[in-house]
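In: From the sequence below, what's the structure:
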Amino acid sequence: MVAIKKHKILLTLVIIITIIYFQKEKDLKIDPENFMVTDSIIDTRRLLPKEELTCNPKKFVFLKVHKAGSSTMRQFFYNYATDNNFEMNLSRMGPWVGGYPGPFLSDFHDNDDYTDVIFDHLRWNKQEIFKTLSHPKNHLTIAIMRRPMDQFKSSFNYFYGQYKGLDGLGRLRNKRTDESKACVGEPYLTLTGSTDFSLEQYINKLRLNPATLSSSPWYFRVNNSQSFDFNHPENLDDFDLVMVLERMQESLVLLKEMLCAKWEQITPFAGKINAKNYDSSTSWIDEKDGKFVEEELLNLDNKLYAEAVRKLEQQIEIYGRDKMKATIEEKFMFEQKPKKRSIPKWYFKEAVMQKVTKYMEENNAACSAVLD
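Out: This is a model prediction of the structure:
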């Protein structure tokens, strides 16, 4: 009898709690204008207050440095520009604007409307770049860098290491339907004559035959390529922000502040950079070859990267280190999926394309022979 009474009391409590719970759910009113719902990494739903900005979005130029996480960031910049209705008007050759790998020339864009933003691969030439920008020319200048040895390894894998067998590579290059495919495998292929070299073998052969590099097409992919994209500056004074791949969360917080972006635009990219983590030790390479890479092939990149880190540290100091730590812990707690949009391509007209191709060839982007 006592057990039955206890059971009834327990059942009554459960019913009361259930009624209270659903009544509170009913009374809870969510204003869709002031809240947004996003996915968290654990696949739950959470409510975030809709951000009210007290500043205006900024126009920008982004120097998209090769193999430095810049393709992921390009998606962010495209999303941001689309959300803010910025004009994106520059015509391209492959993935490049301005005649890359030559320094950016505005002449190639005389037929393009002025643009609010740029986020493609280019070689820095500030005066010429700003000739193509819309008025007022108050654009922020942004770039990104990566630890030079990691970027060096990534370039090898992307431009050469992923291709096995000359047959497939030859067919790709012979098609030449896109000028960006005409020199696939370079500058590595000129020295090796095959696609079977490891990075260690390539470096060793290059150290023993250094003169071959300067005569190879796209030689700069091996020799201080990040400094090359920046056009070998003495400093980074041209840039409002140089993001550092290894310090991505801090870089994104500063980027958010500068652009007057919303957190919903920024946070999905905190953990989505498509870049492999490489072993930072030198045990994988012969001592002489390692010294050759650091002192001959990456000497300028190492110097520029150190300057980028120093500049980033200064900006973090101004922002406030404690504030930075708290912001990262709060805003990047949950991983979110970036909004993927298809980025349109505006290609040069044929007459301009011929001029651009000639300019590219004059700047070490011509392959002397087509593979058989």
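
In: can you give me the helices for the stretch 51-200 of the chain?
Out: 70-83, 126-130, 148-156, 166-175, 188-192, 199-208 (DSSP state H, counting those that start in this stretch).

In: Mean pLDDT, mean neighbour count and distance to residue 92 for those helices - can I get that in TSV?
Out: C-beta: built from backbone N, CA, C; applies to glycine. Converted to TSV, the helices of the stretch 51-200 of the chain look like this (pLDDT from 0 to 100; neighbours: other Cβ atoms under 10 Å; distance: least, Cβ to Cβ, whole Å):
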stretch	mean pLDDT	mean neighbour count	distance to residue 92
helix 70-83	92	20	12
helix 126-130	98	16	14
helix 148-156	94	22	21
helix 166-175	66	14	19
helix 188-192	89	20	25
helix 199-208	94	17	30
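
In: Please render those as TSV that adds distance to residue 57 to the earlier fields.
Out: As requested, the helices of the stretch 51-200 of the chain are arranged in TSV below (distance: least, Cβ to Cβ, whole Å):
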stretch	distance to residue 57
helix 70-83	7
helix 126-130	19
helix 148-156	30
helix 166-175	40
helix 188-192	41
helix 199-208	42
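
In: just so I know, which of these lies nearest residue 117?
Out: helix 70-83 (4.7 Å; Cβ to Cβ).

In: Please state the offset of the closest one from the chain centre?
Out: Between the centre of helix 70-83 and the centre of its chain there are 9 Å (Cα atoms, centre = their mean, to the nearest Å).

In: The chain should start at 369 in everything you say after this.
Out: Sounds good: first residue 369 from here, last item helix 438-451.

In: outside of it, which residues touch it?
Out: 425, 428, 430, 432, 456, 484-485, 487-489, 512, 611, 627, 629, 633-634, 637, 640-643, 706-709, 711 (Cβ atoms under 8 Å, 6 or more residues apart in numbering).

In: Just those: which are in strands?
Out: Secondary structure from DSSP state E places 428, 430, 485, 512, 611 of those in strands.

In: you'd agree residue 474 is up against residue 501?
Out: No. Using Cβ atoms under 8 Å, residue 474 makes no contact with residue 501, being 9.6 Å away.

In: So the two - more neighbours on which side?
Out: Counted by other Cβ atoms under 10 Å, residue 474 and residue 501 do not tie: residue 501 has more neighbours, with 21 against 18.

In: for the closest residue in space to the more buried one that isn't next to it in sequence, what are its contacts?
Out: Excluding its sequence neighbours, the residue lying closest to residue 501 (Cβ to Cβ, 6 or more residues apart in numbering) is residue 507, at 5.5 Å. Residues counted as contacts of residue 507 (Cβ under 8 Å, 6+ apart) are 426-429, 484-485, 498, 501.

In: among those residues, which ones are buried?
Out: 426-429, 484-485, 501 (16 or more other Cβ atoms under 10 Å).

In: Need those in TSV (columns: distance to residue 671 and pLDDT).
Out: What follows is the buried ones among the contacts of residue 507, written out as TSV (distance: Cβ to Cβ, whole Å; pLDDT from 0 to 100):
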residue	distance to residue 671	pLDDT
426	29	97
427	30	98
428	26	98
429	23	98
484	33	97
485	29	97
501	29	97
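
In: Farthest pair within these?
Out: 426 and 501 (12.3 Å).

In: helix or strand for the residue lying closest to residue 551 once chain neighbours are set aside, which one?
Out: Nearest non-adjacent residue to residue 551, counting by Cβ to Cβ, 6+ apart: residue 735, 4.5 Å away. Taking DSSP states H and E as the definition, residue 735 sits outside all helices and strands.

In: roughly how far apart are residue 436 and residue 448?
Out: As for residue 436, its distance to residue 448 is 19 Å (criterion: Cβ to Cβ, to the nearest Å).

In: What ranges does this structure have for its strands?
Out: 403-407, 413-417, 428-431, 485-486, 508-513, 609-612.

In: Residue 492 - nearest residue in space that isn't next to it in sequence?
Out: Using Cβ to Cβ, 6+ apart, the nearest residue to residue 492 is residue 599, at 4.4 Å.

In: Likewise for residue 527?
Out: In space, residue 527 is closest to residue 589, 5.9 Å off (Cβ to Cβ, 6+ apart).

In: Is it correct that the one you found is in contact with residue 554?
Out: Yes. Applying Cβ under 8 Å as the test, residue 589 and residue 554 come out as touching, 7.4 Å apart.

In: Now the common contact residues for the two.
Out: In contact with both residue 589 and residue 554: residue 527, using Cβ under 8 Å, 6+ apart.

In: Count the neighbours of the residue nearest to residue 527 for me.
Out: Residue 589: 23 neighbours (other Cβ under 10 Å).

In: try the one 3 residues further on
Out: Other residues within reach of residue 592 by the criterion other Cβ under 10 Å amount to 22.

In: Kindly provide the distance from it to residue 616.
Out: 23 Å.
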